[in-house]
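A.B. asks: 3D, please:
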Amino acid sequence: MTNLWDLKQKVIYSIQWLVVNSLGHQLPRTMLETIRRKTGQPWRTAAGVHPVDNQFGMVCENSEYSDYVYNIKANTAVRTHKSKI
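C.D. replies: Residues are numbered from 1 along each chain as shown. Sure thing, here's the model as predicted:
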């Protein structure tokens with residue numbers, strides 16, 4: 001049973017690595033530029049941002065515990081850039 005599980009995981013990871021990741025890296029992304037809360041320096045990160053009625057809805061991987069979420073809470077001035085990574 002363990003061998004079947006290991007084989008299944010290897011197949012799934014291989015498909016994710018070869019197909020899903022390569023397609024995902026070709027999609028345009030939204031770069032989110034915030035000001036770091038401790039240093040005051042600008043910081044850019046790729047984010048899942050969806051425009052909704054002149055506002056942005058965000059998808060945070062680690063809920064509210066991402067550093068860029070803390071940065072936005074500390075300084076609400078945020079810029080977005082469309083880019084292709």
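A.B. asks: List the buried residues in the helix or strand hosting Thr30.
C.D. replies: Following DSSP states H and E, one finds Thr30 within strand 28-35. Applying a neighbour-count criterion of 16 or more other Cβ atoms under 10 Å, one finds 29-30, 32-35 buried in strand 28-35. Just so you know, the C-beta spots here come from the backbone N, C-alpha and C atoms, and that holds for glycine as well.
A.B. asks: Against Thr76, how distant is Pro51?
C.D. replies: 18 Å (Cβ to Cβ, to the nearest Å).
A.B. asks: mean confidence for the top helix by length along the chain?
C.D. replies: Secondary structure assigned by DSSP state H gives helix 2-15 as the longest helix of the chain. Averaged across helix 2-15, pLDDT comes to 86.
A.B. asks: chain center to it, what's the gap?
C.D. replies: 26 Å (Cα atoms, centre = their mean, to the nearest Å).
A.B. asks: Please apply the same query to stretch 12-20.
C.D. replies: With Cα atoms, centre = their mean, you get 18 Å for stretch 12-20.
A.B. asks: again, but for stretch 29-36
C.D. replies: 10 Å.
A.B. asks: ok, and what's touching it?
C.D. replies: Around stretch 29-36, the neighbours that count as contacts under Cβ atoms under 8 Å, 6 or more residues apart in numbering are 41-49, 58, 68, 71-72, 74-75, 77-85.
A.B. asks: This completes my enquiry, with thanks.
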